[in-house]
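Visitor: heads up, no residue letters with this:
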């Protein structure tokens, strides 16, 4: 597995806790969101950095309960065609003001690299090492867009019609 930074941040490794496992003091850990909600953030107080492993079907309201305690969020895509992860990232950034790392985990394709970046993802786990180059090429493919991104960047349509952001 290769970890590719989309935004230039240096992502640190973390341990994903399995059911019943407890973190060692100072560990960076990812806890499945269901467990985090069930046990509460305080159950993981000894961790150095606390993150959540979030399936794309997770309700945004569930994230709202714990997001202020998180350093990072790993959004777990179940299939490359599942767009809910993009929506979760946008809502984390725009609605919750989440500043921590958002990582895409699971079957995402190089063609989705720009969408990941524009939705607020910072990094992506790539399981097939031969696709790393394709992800990098995809990130450089376009520099103008018809849609605004999660930050509201000026689009081609705005520029064409003289609309300022």
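Guide: Ah, there it is. On a predicted model such as this, the values are computed, not experimentally measured, just so you know.
Visitor: contact partners for residue 30?
Guide: Counting by CB atoms under 8 Å, 6 or more residues apart in numbering, residue 30 touches 14-17, 51-53, 72, 74. No exception for glycine: its C-beta is placed from N, CA and C like everyone else's.
Visitor: which stretch of helix or strand covers it?
Guide: Assigned by DSSP states H and E, residue 30 belongs to strand 28-32.
Visitor: tabulate the contacts of residue 30 in a markdown table, adding columns for secondary structure and pLDDT.
Guide: Below are the contacts of residue 30 laid out as a markdown table (DSSP: H, G, I helix; E, B strand; the rest coil; pLDDT from 0 to 100):
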| residue | secondary structure | pLDDT |
| --- | --- | --- |
| 14 | coil | 86 |
| 15 | strand | 87 |
| 16 | strand | 88 |
| 17 | coil | 89 |
| 51 | strand | 94 |
| 52 | strand | 95 |
| 53 | strand | 95 |
| 72 | strand | 94 |
| 74 | strand | 95 |
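Visitor: which members of the residues you listed are classed as buried?
Guide: Among these, those classed as buried by 16 or more other CB atoms under 10 Å are 14, 17, 51-53, 72, 74.
Visitor: so is residue 124 in a helix, a strand, or just coil?
Guide: Under the three-state scheme (DSSP: H, G, I helix; E, B strand; the rest coil), residue 124 adopts strand.
Visitor: average pLDDT for stretch 18-38?
Guide: Mean pLDDT, stretch 18-38: 91.
Visitor: now the strand holding residue 30: buried residues?
Guide: Buried positions in strand 28-32, judged by neighbour count with 16+ other CB under 10 Å: 28-32.
Visitor: closest to residue 40 out of those residues?
Guide: residue 31 (10.5 Å; CB to CB).
Visitor: residues contacting that closest one?
Guide: Residues near residue 31 by CB under 8 Å, 6+ apart: 16-17, 44, 50-53.
Visitor: any idea how far it lies from residue 41?
Guide: 9 Å (CB to CB, to the nearest Å).
Visitor: intersection of neighbour lists for these two?
Guide: Shared contacts of residue 31 and residue 41 (CB under 8 Å, 6+ apart): residue 50.
Visitor: list the buried ones in the helix or strand hosting residue 3?
Guide: Using DSSP H and E, the secondary-structure element containing residue 3 is strand 2-5. Judged by neighbour count (16+ other CB under 10 Å), strand 2-5 contains these buried residues: residue 4.
Visitor: sounds good, over and out.
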